[in-house]
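Student: Sequence and predicted structure below; questions after.
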Protein chains: 2
Amino acid sequence: MAEDDIKPRDKVQAQLKEVQELLHRHVLVESLVHRQDMPRHDLIEGLVHKQHVAELTRKLDELHPADIAYILEALPLDERRFLWELVKAERDGDILLEVSDAVRESLIETMAPEELKAAAGQLDADELADLAPDLPDAVMEDVYLSLDLEERAQLRAAMSYPEDAVGALMDFEMVTVRADMRLEVVLRYLRRFDELPDHTDQLFVVNRAEQLIGVLPFTALLISDVDKRVSEVMITDPFTLRPDDKAEDAATAFERYDLVSAPVVTSENRLMGRVTVADVVDYIREEAESELLNQAGLREEEDIFASVLDSVKNRWAWLAVNLVTAFVASRVIGVFEGSIEKLVALAALMPIVAGIGGNSGNQTITMIVRAMATGQVSGESGKRLLKKEMGVALINGVVWGGLLGALAWWLYGSAELGAVMTVATTLNLLLAASMGVVIPLTMQRFGRDPALGSSVLITACTDSGGFFIFLGLATLFLL
Amino acid sequence: MAEDDIKPRDKVQAQLKEVQELLHRHVLVESLVHRQDMPRHDLIEGLVHKQHVAELTRKLDELHPADIAYILEALPLDERRFLWELVKAERDGDILLEVSDAVRESLIETMAPEELKAAAGQLDADELADLAPDLPDAVMEDVYLSLDLEERAQLRAAMSYPEDAVGALMDFEMVTVRADMRLEVVLRYLRRFDELPDHTDQLFVVNRAEQLIGVLPFTALLISDVDKRVSEVMITDPFTLRPDDKAEDAATAFERYDLVSAPVVTSENRLMGRVTVADVVDYIREEAESELLNQAGLREEEDIFASVLDSVKNRWAWLAVNLVTAFVASRVIGVFEGSIEKLVALAALMPIVAGIGGNSGNQTITMIVRAMATGQVSGESGKRLLKKEMGVALINGVVWGGLLGALAWWLYGSAELGAVMTVATTLNLLLAASMGVVIPLTMQRFGRDPALGSSVLITACTDSGGFFIFLGLATLFLL
């Protein structure tokens, strides 16, 4: 009961804290031993140390692999490695599957080939496929040779699909029955299992050629008369996936049709495997994560305790892109240096024009990219959207541009400067709106992911464009 | 088989296209009737029109509510409303639950109170609670009065929790059994149901006081000897939620422990309801969505066919904030107008310093906010993170700042200007790194969501800060 009073987040965090305290006590003792250099105390300290380690090990044994993964991720490198040593070898595989990619690398680095082989040996073929890219080739070869023929085929199958395909999400743990079985026989058949695979909410009904002819949900099996045959109760047109379907589309289907598991079939309708909602939830989370990271210019998830150099490597690519676009914008300003020299107020006002264009353009492009991700934007609605966004930009230009113009007039006492400010802001907002629609549609036409770098591209347009429009208008009409 | 050859996304899209074609044929006929003004043709046109409508209605009847919702979202307002009229009244409720908030409003606007009452009348208490905020008060009152006492209590319970609490996610469709029942009796009891609730993967075991004492997963029920008692097979320490737990934490638990459903209990451990993975998947998707929208300065999801005015309203708040921060940055530049007049190169170079700081600061803040969201950043690791980020900033400052300094030297032939550029870039990167750590930690300390507006705040710091540092250094050392 006491534990039930703690909220779910707090439960794991309480465990994290407990482990941290045990670790710190351990570190304290260690540093005492090293610092005091008192040989007589060694024995006692050694005993205390052993006690702490035993306590930590016991604690770890009680925890769910996912919770251990969480704790490992929250610890700095040295503590993480120390804890990892204490984890029972037979749990290594499960935990490696749960930790983030960055942390996984940091753990695998510390393991000997033999330990890695043992860890990999406990995994199913589909899990092995997830881990494979991070394992040394020699280890993978040995593991592959230790598999039986069916598992080898499954591993090859799982590894042959790209990360964003259904084939990479699927597992091979499905229970199949025949259509002519009576439900009573099905129930008896199930009772022979020691354990059913996780997320088994339905049995797959196949014919002699292993083709899927229906599914039998447990909810149907449990409420139906046991004398009925599977064929009378099963769903004959279940939702199915193909291994080369996009994972994103599978996720949408799981969300839309509230699925727990879905069969994966070949083009000849032969049952290959299944996808479960657990895999889909993980996929959705990872995708959302990487979209946010990409928007901020991070290439991939970063272990928060990664070394400074690893972090620099993760971030340099987008910084470099940003530097190039900033340099271009700077050169646009350079062209108008003569104008700025004559009217220095331009230097103070130009970042406002560029900034509001960037913000507004990011709003437009985010909305379009979202709508495109759901497939709701086609060529025809593209034109309609462009018209609408231009309308929004025009209103914003008149309102905000007008306000900015008034401010510029008030600050610098020049109505003409105010007018140029208003017109330039409006034009840059219109540029932002049109680019916000055109960039993602063009990216898609060329088969690129419209989200990738969208923010950087639109900001590059509105910066250089904003400077050019504002300084150009000022040069034409004010000087 | 033919249909199986189409991918999941394409299936819905094919349906969308089909509906659109039917709609366009309908519009064509309508416009003919109106334009030609030929009374003799009226009868024929009327018949053709009726045929098209009948075809559309038939098509809609075949579709899953979620697919109809998708199609409605993808259609412009006029076509959406026309289609909505054709949907069978008894499906209105399910479809209203599936569409996005913005589209839901546009549909409810067109419905008479009686229609709304009928639609709401088909829903369960928890579904009604989701819809309630969008329904007129008078309609909700009538619907409430039409419920029985238990449903009223459930509705009140579901509506009493904030949107981001487990209480708002839970439903009340759980099947309970007693611990002393034999499994055979459980199986017989289940066979009396016409239907089991969606996502029933386990039965909840309660005592006479309706307190949860365990759960009986179907996978355990199906493999165990039917003579055993529930108490021998059930899991006695299941994962439970409280109605006031955070939805986000529940989502993390579902993801971490691969759950399909979880019981919700009161502080006295009395069973209240359950949360299913379908609700969790919807929640995760919506959260990811709104985080992305917030980052881009959109207040909420926008119906892509919303009117221009609605869009302006959705976007104005962040634009206003941006305008204020841009104005502040502009005033910082204003202070140094004298320096810029003397050395106009400063005007061209200053946006680069500000820009790279903004990009780098966004990288840092995104990473910290992500790490905080998983609860892995505590006060102590805050210091460690700050040190690491400062290290990254220093390296980037030396590398990129050095490059920029060299460029400035080459462009303007002044080694001093180059040196100022390098130092200013490095200092702004250090400012970006420290603000990227300090802002979210401070937001959290004051109980605010660290993600909200993080990008706007950091950019405001690096813009004003960048201009100040660069122009200040230039004024001190170059003039």
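Tutor: Nice, I can see it.

Student: separation between residue A:169 and residue A:274?
Tutor: Residue A:169 sits 10 Å away from residue A:274, going by C-beta to C-beta, to the nearest Å. All C-beta spots, glycine's among them, are computed from the backbone N, C-alpha and C.

Student: mind showing which ranges of the stretch 1-150 of chain A have poor pLDDT?
Tutor: Applying pLDDT under 70 to the stretch 1-150 of chain A picks out residues A:1-10, A:26-48.

Student: how about the helices of it, start to end?
Tutor: For the stretch 1-150 of chain A, the helices defined by DSSP state H, counting those that start in this stretch cover A:8-36, A:42-62, A:65-74, A:77-86, A:92-98, A:101-108, A:113-121, A:125-131, A:137-146, A:149-159.

Student: Determine which of those helices approaches residue B:467 most closely.
Tutor: In terms of C-beta to C-beta, the element of the helices of the stretch 1-150 of chain A nearest to residue B:467 is helix A:101-108, at 35.0 Å.

Student: and the closest residue to residue A:166 other than its chain neighbours, how many neighbours?
Tutor: Excluding its sequence neighbours, the residue lying closest to residue A:166 (C-beta to C-beta, 6 or more residues apart in numbering or on different chains) is residue A:245, at 4.4 Å. The tally of other residues near residue A:245 (other C-beta atoms under 10 Å in any protein chain shown) stands at 22.

Student: before we move on, what about the one 10 residues further on?
Tutor: Taking other C-beta under 10 Å as the neighbour definition, residue A:255 ends up with a count of 18.

Student: ok, it - contacts?
Tutor: A:284, B:278, B:281, B:282, B:285 (C-beta atoms under 8 Å, 6 or more residues apart in numbering or on different chains).

Student: swap the cut-off to 7 Å and go again
Tutor: Shown in contact with residue A:255 (C-beta atoms under 7 Å, 6 or more residues apart in numbering or on different chains): B:281, B:282, B:285.

Student: mind checking the SS state of the spatially most central residue of chain A?
Tutor: Central residue of chain A (C-alpha atoms, centre = their mean): residue A:286, 2.1 Å from the mean position. The local conformation at residue A:286, judged by DSSP: H, G, I helix; E, B strand; the rest coil, is helix.

Student: Tell me how far it lies from residue A:279.
Tutor: Distance, residue A:286 to residue A:279, using C-beta to C-beta: 11 Å.

Student: Then residue A:294?
Tutor: 22 Å.

Student: quick one: pLDDT of residue A:380?
Tutor: What the model reports as pLDDT for residue A:380 is 69.

Student: Please tell me I have it right and residue A:337 contacts residue B:346.
Tutor: No. Using C-beta atoms under 7 Å, residue A:337 makes no contact with residue B:346, being 10.1 Å away.

Student: More neighbours: which of these two?
Tutor: residue B:346 (27 against 15).

Student: tell me which element that one falls in.
Tutor: Using DSSP states H and E, residue B:346 sits within helix B:345-373.

Student: can you state the direction angle for that helix and helix A:65-74?
Tutor: Angle, helix B:345-373 to helix A:65-74, by axes from the mean of the first three to the mean of the last three C-alpha atoms, to 10 degrees: 150 degrees.

Student: Would you pull up how far the longest helix belonging to chain A lies from the middle of the chain?
Tutor: Ranked by residue count under DSSP state H, the longest helix found in chain A is helix A:415-445. Helix A:415-445 sits 32 Å away from the centroid of its parent chain (C-alpha atoms, centre = their mean, to the nearest Å).

Student: as a whole number, average confidence for it?
Tutor: 94.

Student: Can you name every helix or strand that whichever helix or strand comes after that helix contacts?
Tutor: Using DSSP H and E, the helix or strand that follows helix A:415-445 in sequence is helix A:454-478. Other elements packing on helix A:454-478 under the criterion 3 or more C-beta pairs under 7 Å, 6 or more residues apart in numbering or on different chains; DSSP states H and E are helix A:308-335, helix A:337-342, helix A:345-373, helix A:415-445.

Student: same thing but 8 Å
Tutor: helix A:308-335, helix A:337-342, helix A:345-373, helix A:415-445, helix B:345-373 (3 or more C-beta pairs under 8 Å, 6 or more residues apart in numbering or on different chains; DSSP states H and E).

Student: Out of those helices, flag the one nearest residue B:229.
Tutor: Per C-beta to C-beta, nearest to residue B:229 of these: helix B:345-373, 43.3 Å.

Student: Could you tell me how far that closest one lies from the centre of the chain?
Tutor: Taking C-alpha atoms, centre = their mean, the mean C-alpha location of helix B:345-373 is offset from the chain mean by 26 Å.

Student: Same check on stretch A:207-227?
Tutor: 35 Å.

Student: Contact partners for residue A:213?
Tutor: Counting by C-beta under 8 Å, 6+ apart, residue A:213 makes contact with A:179, A:205, A:206, A:207, A:234, A:236.

Student: wait, which of these is closest to residue B:78?
Tutor: The closest of those to residue B:78 turns out to be residue A:236 (C-beta to C-beta; 38.7 Å).

Student: and the nearest residue to that closest one once chain neighbours are set aside, helix, strand or coil?
Tutor: Spatially, and ignoring its direct neighbours in sequence, residue A:236 is nearest to residue A:214 (4.7 Å; C-beta to C-beta, 6+ apart). Secondary structure state of residue A:214, per three-state DSSP, is strand.

Student: near chain B, which residues of the stretch 51-200 of chain A?
Tutor: Residues of the stretch 51-200 of chain A lying near chain B by C-beta under 8 Å from any C-beta of the partner chain: A:64, A:66-67, A:70, A:73-74, A:76, A:98, A:187, A:190-196, A:198-200.

Student: Tell me the buried residues within the residues you listed.
Tutor: Buried by 16 or more other C-beta atoms under 10 Å in any protein chain shown: A:64, A:66, A:67, A:70, A:73, A:74, A:98, A:187, A:190, A:196, A:199, A:200, out of those.

Student: measure the fourth one to residue A:99 for me?
Tutor: Read that as residue A:70. Counting by C-beta to C-beta - residue A:70 and residue A:99 are separated by 9 Å.

Student: Mind jotting down where the helices sit in the stretch 151-300 of chain A?
Tutor: So, for the stretch 151-300 of chain A - with DSSP H, counting those that start in this stretch - the helices run A:166-169, A:183-190, A:218-223, A:230-233, A:247-257, A:277-295.

Student: how's chain A carved up into domains?
Tutor: A:3-164, A:176-295, A:308-478 (automatic domain parsing).

Student: Go through the ones you listed and name the closest to residue B:89.
Tutor: domain A:176-295 (22.3 Å).

Student: what's the span of the closest one from first residue to last?
Tutor: 44 Å (C-alpha to C-alpha, to the nearest Å).
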